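>>> here's my sequence, what's the structure:
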Amino acid sequence: MSVSFPGFEAKKFFTDSEDGPIEISYVVGGNGPPLLLLHGFPQTKAIWSLVAPELAKQFTVVAADLRGYGASSKPHGKPDHSTYSKRSMAADQHALMKSLGFDQFFLLGHDRGGRVSHRLAMDFPESVSRLMVLDISPTLKMYENTTMEFAKGYWHWFFLIQAEPVPEMMIGANPEYWLKNHMGRHAGTGIFSPERWAEYLAGASNTESMHAMCEDYRAAATIDLVHDRADRAAGKQLKMPIRVLWGEHGLVNKCFKPIEDWKELALDVSGKAVPSGHYIPEEIPAVLLAEAKQFFR
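Okay, here's the model as predicted:
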């Protein structure tokens, strides 16, 4: 494991799925109520390395690589993109927590991990006692309210969903250039330690991982919207407390109203903008720690 989680144990979990056996890489450490941490794109569980050791003083912390990312399995996507639907990705993480004996747990997700967390909480509401999401509004809301400003700033949403293998081939021609452009355009790459950067670059340079990441976005623009619209049509709402944090310097703050957006599908929503760009766990770990300890205590 290239990025250190002091006091944590690195493990593997195997689960069966419609896409065959899936291996989930994770670290676990600490004592207390269980807290699952899910990372975003194009990253890994390494995003939590600045906050997980401190959280482990109060919680049993599980930080996992999503399907398709990091050291987890990277199956090739099916034509309907269901392999990387948030439903499939959430089921992996729910099975992981069940295997550890946690029938109910706290959940914290950043970026894509926040979207997986949304689906996990919707599909397994009895398992998630409290949910915190970082720098996102719901996927359906973001697509239905796309503006010119959002499309220009989040152009990767529309690039990565292009048919296989167009984005895979283009990124594969120079993964480091792509990564520096994508992750550095808002806050610069200096916020990432050399160890974390090397792990993110390894993912972008891996053809199977890059395909999986594209499929994650293709699913978000297709099958995930089918699931989200079905929830809306059925009047399903999240009943657990939800805390939303978003970067005041980021595009979500400019283009969306996260509190109002989440209140459309949840009963108990609070949150605020924080002094950060998109990468909250790495830009302002102390602020996130204070928020998480307060919300999950």
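
>>> isn't H182 right up against H156?
Yes. With contact defined as CB atoms under 8 Å, H182 reaches H156; the gap is 6.2 Å. C-beta coordinates here come from the backbone N, C-alpha and C atoms, glycine included.

>>> element containing the spatially most central residue of the chain, please.
The chain has G113 as the residue nearest its centroid, 1.3 Å off, counting by CA atoms, centre = their mean. Counting by DSSP states H and E, the element that carries G113 is helix 112-123.

>>> next secondary structure after that helix?
strand 128-134.

>>> what ranges does the stretch 101-250 of the chain have for its helices?
In the stretch 101-250 of the chain, helices defined by DSSP state H, counting those that start in this stretch lie at 112-123, 139-144, 148-153, 156-159, 166-172, 175-187, 194-205, 207-220, 223-234, listed in chain order.

>>> now the shortest one: average pLDDT?
Spelled out, it's helix 156-159. The average of the pLDDT scores along helix 156-159 is 98.

>>> ok, residues contacting that helix?
Outside helix 156-159, the residues that touch it by CB atoms under 8 Å, 6 or more residues apart in numbering are 151, 167, 182, 217, 220-221.

>>> lowest-confidence helix or strand of this protein?
helix 175-187 (a mean of 91; mean pLDDT, DSSP states H and E).

>>> tabulate the helices of the stretch 101-250 of the chain (a markdown table), appending distance to D103.
Listed next are the helices of the stretch 101-250 of the chain as a markdown table, based on distance: least, CB to CB, whole Å:
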| stretch | distance to D103 |
| --- | --- |
| helix 112-123 | 14 |
| helix 139-144 | 27 |
| helix 148-153 | 38 |
| helix 156-159 | 35 |
| helix 166-172 | 39 |
| helix 175-187 | 36 |
| helix 194-205 | 31 |
| helix 207-220 | 27 |
| helix 223-234 | 23 |
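
>>> my read is that S205 contacts Y177, right?
No. With contact defined as CB under 8 Å, S205 does not count as touching Y177 (11.3 Å).

>>> neighbour count winner among these two?
Using other CB atoms under 10 Å as the criterion, S205 and Y177 rank with S205 on top: 16 against 11.

>>> mind checking pLDDT for the more buried one?
For S205, the predicted pLDDT is 98.

>>> determine which stretch of the helices of the stretch 101-250 of the chain is the most buried.
Among the helices of the stretch 101-250 of the chain, helix 112-123 has the highest mean neighbour count (mean count of other CB atoms under 10 Å), at a mean of 26.

>>> tilt between it and strand 128-134?
150 degrees (axes from the mean of the first three to the mean of the last three CA atoms, to 10 degrees).

>>> now K239: how far from L265?
11 Å (CB to CB, to the nearest Å).

>>> between the two, which one's more packed in?
Counted by other CB under 10 Å, K239 and L265 do not tie: L265 has more neighbours, with 20 against 12.

>>> what does the closest residue to the more buried one other than its chain neighbours show for phi and psi?
Of all residues not flanking L265 in the chain, Q237 sits nearest, at 5.7 Å (CB to CB, 6 or more residues apart in numbering). Backbone torsions for Q237, taken as degrees, to the nearest 10, come to phi -140, psi 150.

>>> over to E126?
Per degrees, to the nearest 10, the backbone of E126 is at phi -70, psi -10.

>>> from I47, how far out is it?
From E126 to I47 the distance is 28 Å (CB to CB).

>>> just want to know which of these two has more residues nearby.
I47 (28 against 8).

>>> now, which of the contacts of helix 156-159 sits nearest V51?
The shortest approach to V51 among the contacts of helix 156-159 belongs to H182, at 22.6 Å (CB to CB).
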